[in-house]
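1. Sequence and predicted model, in that order:
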Amino acid sequence: MIDTIEYNGKRYAEIIRADTVVEKTTFFSPAESSFQFGLLAHQTGFVEPPHYHRPFPREINDLQQMFVVQKGVVAVQLYTDEGKLFREVILKAGDAIVLIHGVHSIRVIEAMQCISVKQGPFLGSEYDKVNVEFPK
């Protein structure tokens with residue numbers, strides 16, 4: 001139902017394609033993941049009661065990022081911890097990816113717009129984003 005990308009026993013990404021259909025709400029990420037990724041699905045007439053999500057302290061030691069492509073085409077490249085490109089994934093409108101581990105980059109194939117979701121707080125580009133140059 002989803003593409004799970006792993007390398008050497010580590011989960012690097014999960015992808016939900018635009019044409020994925022589920023009968024009921026389904027989360028694909030492991031329950032212990034700091035970022036939950038899934039699809040909400042309910043039948044006509046479903047009403048969810050008013051609610052909120054209970055706050056409690058959480059310790060998060062990774063920063064995962066999710067893209068949902070609204071328009072265009074984008075290639076996401078995934079790199080091993082040693083800097084080797086091991087996978088390129090092409091995403092089109094409606095596709096979503098959560099980047100879980102490792103270095104990644106994007107290459108825009110057709111002008112794109114994506115919704116991007118990350119854990120906060122945002123500490124500024126100079127701290128949060130680390131550009132990587134691998135030896136050739």
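-> Yep, that arrived. Numbers count the residues shown, from 1 in each chain.
2. give me the element the residue nearest in space to the middle of the chain is part of.
-> When C-alpha atoms, centre = their mean is applied to the chain, the residue found nearest the centroid is Val98 (1.0 Å). If you go by DSSP states H and E, Val98 is part of strand 96-99.
3. From Gln64, how far off is Leu39?
-> Distance, Leu39 to Gln64, using C-beta to C-beta, to the nearest Å: 17 Å. Yep, even glycine has a C-beta here, placed from its N, CA and C like the rest.
4. So for the two, which residue has more residues nearby?
-> Neighbour count, other C-beta atoms under 10 Å: between Leu39 and Gln64, Gln64 has more, with 20 against 16.
5. The spatially closest residue to that one that is not a sequence neighbour and Asp62, how far apart?
-> With sequence-adjacent residues excluded and distances taken as C-beta to C-beta, 6 or more residues apart in numbering, Gln64 is closest to Phe35, at 3.9 Å. The gap separating Phe35 from Asp62 is 8 Å, by C-beta to C-beta.
6. Looking at those two, which one has more neighbours?
-> A count of neighbours by other C-beta under 10 Å puts Phe35 above the other of Phe35 and Asp62, at 18 against 10.
7. Would you mind listing the residues in contact with that one?
-> Ser29, Gln64, Met66, Val98, Ile100, Gln119 (C-beta atoms under 8 Å, 6 or more residues apart in numbering).
8. quick one: the fifth one and Glu82, what's the gap?
-> Between Ile100 and Glu82 the distance is 18 Å, computed by C-beta to C-beta.
9. quick one: which of these two has more around it?
-> Between Ile100 and Glu82, counting by other C-beta under 10 Å, Ile100 is the more crowded of the two (25 against 10).
10. Just name the shakiest helix or strand of the chain by mean pLDDT.
-> helix 125-128 (a mean of 78; mean pLDDT, DSSP states H and E).
11. Spell out, range by range, the strands that occur in the chain.
-> Remark: strands assigned in the chain by DSSP state E are 3-7, 10-16, 26-27, 38-39, 65-79, 85-92, 96-99, 103-118.
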